[in-house]
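# Take a look and give me a structure for this.
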Amino acid sequence: MDFTLRPYTEEQTSFRQEVRAWLEQTIPEEMKRPIDMRGITQEQYLWWREMRKKLAAKGWLYPTYSKQYGGGGLTGEHETILDEEFDRAGTVRGWNNGWAMSAILVWGTEEQRQRFLKPLVTGEKITWYKLTEPQSGADLAGIQTRAERDGDDWLITGQNVFISGENAPGFPDLLFGPAITDPNAPRHRNMGVFMIPVPSKGLEIRQMNLLGGNEQHFIFLDHVRVPGDHLIGGDHQGWQVAMSAAEQEHGGRGQAFPRDPVLDNLVSYARNTKRNGSTLGKDPMVQQTTMQAYLEAHVGGLLARRTFWMYNNRMEVNHEGAMANVHGREHTLRNAIRVRDVMGMYASLGTRDPLAPHSGAQDVSQRGLAGQHHAGGSTNIMKVILARRIGISRTKERPAVTPSSAGLGG
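Predicted structure coming up:
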């Protein structure tokens, strides 16, 4: 990777100015991203659902997706600028699961891309990624949800837990997830992946009240009828389809602008908080703790940017995404401990406490990290994937097909 720092081009600078001006004129203060996204109101949610459509119309919602499917047809450099300016403006980016979009782009027919992918790219619809089941946890191949043929349709029965709704006070338009289509076939060759319309008869979604809030959900399916053309890929190709989505969930696309507000707040706290007539940052132990956090977060940012650079240059992303993922899982937990070491009990003050540093952002982060080792496939599984890809495991593994490796953009 070329780490040479180069100035922005005239075109890139002009693009940044355009984006910044438009966001400043368009987003009112009361609609900006709250410190705790779990407290977003219905009014804000509906406003941002409409705003997503406006961003998509400008090609800014999914900038590197092809214009054919409602994207911007822009470059990775444009995405970096957009991410920086969106963050600066306090935009809300969540609710839709982009990993499902990748799988549809790779495995869907052209009709399915127009029917399912395009409305997601243009912001008209949102989808959730329906994977984890109560009995299988992170073992995707151990799912028990069943899909039985009924004429041209499928009847799907099963249940899921810990399905992220991205703090949305509403439900998605589609669920994307696997189901066993052939119980007699071997693992990894016995499932299909379906786009399940919401609402549907026999489908129920319930919020889970957890330490981190209520963004996770139970999903129950009781003979939910799904048309045959809602099957993405073949009825025995579900593992490959799901892995194309998981490849990006596990870091295979990288990040254009790795944001770490927890670190920024920690450095600011150490620099500006005074105790006993001096700033905390002058204490050698606080200095060391804060710098360790800074260095680890900086390494994480470099790893994420490297993968993003490789992805956008159509290079094979093998172990690089998994490496960034494992480092990210580990260092964010270590930094959470460092935040508590530096801030003490102030790190546990919530958003409504006037004494909370940075309006309680630390407490939001600490609660959100409670399930860090289990989310998105678990840290142990990611370590196994990394070991297989760098050649120190008994078995080897190649990355799943992504839009980049398939030459499809995205």
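# is it fair to say Arg206 lies in a helix?
No: counting by DSSP: H, G, I helix; E, B strand; the rest coil, Arg206 falls outside a helix, being strand.
# In contact with the nearest residue to it once chain neighbours are set aside, which residues are there?
Leaving aside its sequence neighbours, Arg206 sits nearest to Phe218 (C-beta to C-beta, 6 or more residues apart in numbering; 4.4 Å). To be clear about C-beta, it is placed using only N, CA and C from the backbone, and glycine gets the same treatment. For Phe218, the contact set (C-beta atoms under 8 Å, 6 or more residues apart in numbering) comprises 159-161, 163, 204-208.
# Please check those residues and keep the buried ones.
Among the contacts of Phe218, those classed as buried by 16 or more other C-beta atoms under 10 Å are 160, 163, 205.
# So which of the residues you listed sits lowest on pLDDT?
Ranked by pLDDT, the buried ones among the contacts of Phe218 bottom out at Ile163, which scores 92.
# residues contacting it?
The contact partners of Ile163, by C-beta under 8 Å, 6+ apart, come to 128-132, 205, 216-219.
# So it: helix, strand or coil?
Going by three-state DSSP: Ile163 is strand.
# so what's it closest to, chain neighbours aside?
In space, and not counting its chain neighbours, Ile163 is closest to His217: 4.6 Å by C-beta to C-beta, 6+ apart.
# Report the secondary structure element holding that neighbour.
Element membership of His217 [criterion: DSSP states H and E] is strand 216-227.
# partner strands of that strand, parallel or antiparallel?
Strands that pair with strand 216-227, judged by DSSP bridges, come out as strand 153-164 (antiparallel), strand 203-207 (antiparallel).
# Any idea how many residues pack against the closest residue to Leu263 other than its chain neighbours?
Among residues not flanking Leu263 along the chain, Ala297 sits closest, at 4.4 Å (C-beta to C-beta, 6+ apart). Ala297 has 23 neighbours, counted by other C-beta atoms under 10 Å.
# low-scoring stretches of the protein, by residue?
Within the chain, the segments meeting pLDDT under 70 span 1-6.
# Could you rerun that using 80?
Applying pLDDT under 80 to the chain flags residues 1-7, 94, 137, 166-168, 212-214, 371-377.
# residue ranges for the strands of it, please.
Counting by DSSP state E, the chain has these strands, from start to end: 127-129, 146-150, 153-164, 174-180, 191-197, 203-207, 216-227, 231-232, 274-275, 278-279.
# Can you give the distance of the fourth one from its chain's centre?
Once both centres are worked out by C-alpha atoms, centre = their mean, to the nearest Å, strand 174-180 turns out to sit 18 Å from its chain's centre.
# that older thread, ok and the strand holding His217 relative to strand 174-180, angle-wise?
80 degrees (axes from the mean of the first three to the mean of the last three C-alpha atoms, to 10 degrees).
# Format the strands of the chain as JSON lines; extra columns: distance to Ala246.
As requested, the strands of the chain are arranged in JSON lines below (distance: least, C-beta to C-beta, whole Å):
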{"stretch": "strand 127-129", "distance to Ala246": "9"}
{"stretch": "strand 146-150", "distance to Ala246": "19"}
{"stretch": "strand 153-164", "distance to Ala246": "14"}
{"stretch": "strand 174-180", "distance to Ala246": "11"}
{"stretch": "strand 191-197", "distance to Ala246": "11"}
{"stretch": "strand 203-207", "distance to Ala246": "22"}
{"stretch": "strand 216-227", "distance to Ala246": "18"}
{"stretch": "strand 231-232", "distance to Ala246": "14"}
{"stretch": "strand 274-275", "distance to Ala246": "46"}
{"stretch": "strand 278-279", "distance to Ala246": "45"}
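# Run a quick check on Gly301 versus Gly254, I expect a contact.
No: assessed by C-beta atoms under 8 Å, Gly301 is found out of contact with Gly254, at 10.3 Å.
# that older thread, nearest to Thr122 among the contacts of Ile163?
Minimum distance to Thr122 across these is 17.8 Å, recorded for Trp128 (C-beta to C-beta).
# hey, what's that closest one bridged with?
If you apply DSSP bridges, the partners that Trp128 bridges to are Leu175.
# What's the separation between it and Gly98?
Here Trp128 is placed at a distance of 12 Å from Gly98 (C-beta to C-beta, to the nearest Å).
# next one: Arg52
For Arg52, the distance to Gly98 - C-beta to C-beta - is 12 Å.
# Kindly report the same for Val106.
As for Val106, its distance to Gly98 is 13 Å (criterion: C-beta to C-beta).
# More neighbours: the two, which one.
Neighbour totals were compared for Val106 and Gly98, and Val106 leads with 24 against 18 (other C-beta under 10 Å).
# can you count the residues close to the nearest residue to that one once chain neighbours are set aside?
Closest residue in space to Val106, ignoring its immediate chain neighbours: Ser244 at 4.9 Å, by C-beta to C-beta, 6+ apart. Ser244 has 28 neighbours, counted by other C-beta under 10 Å.
# Kindly tell me how buried Lys139 is, as a neighbour count.
Actually, residue 139 is Asp rather than Lys. By other C-beta under 10 Å, 14 other residues sit near Asp139.
# What's the local residue count around Ala103?
Neighbourhood size, Ala103 [other C-beta under 10 Å]: 28.
# Could you double-check that it sits in contact with Gly177?
No: using C-beta under 8 Å, Ala103 makes no contact with Gly177, being 10.5 Å away.
# Mutual contacts of the two, please.
Residues touching both Ala103 and Gly177 (C-beta under 8 Å, 6+ apart): 193, 242.
# quick revisit: I'd like to check which residues are in contact with the residue nearest to Val106.
Per C-beta under 8 Å, 6+ apart, neighbours of Ser244: 102-103, 106-107, 400-402.
# If we only consider those, which is nearest to Asn312?
Using C-beta to C-beta, Thr402 is the member of the contacts of Ser244 that lies nearest Asn312, at 11.6 Å.
# contacting residues for the closest one?
102, 106, 244, 247-248, 252-253, 311, 317, 410.
# Kindly indicate which of these lies nearest Val286.
Among the contacts of Thr402, Arg253 lies closest to Val286 (C-beta to C-beta), at 35.8 Å.
# Give me the neighbour count for that closest one.
Neighbourhood size, Arg253 [other C-beta under 10 Å]: 25.
# That concludes my questions; thank you for your assistance.
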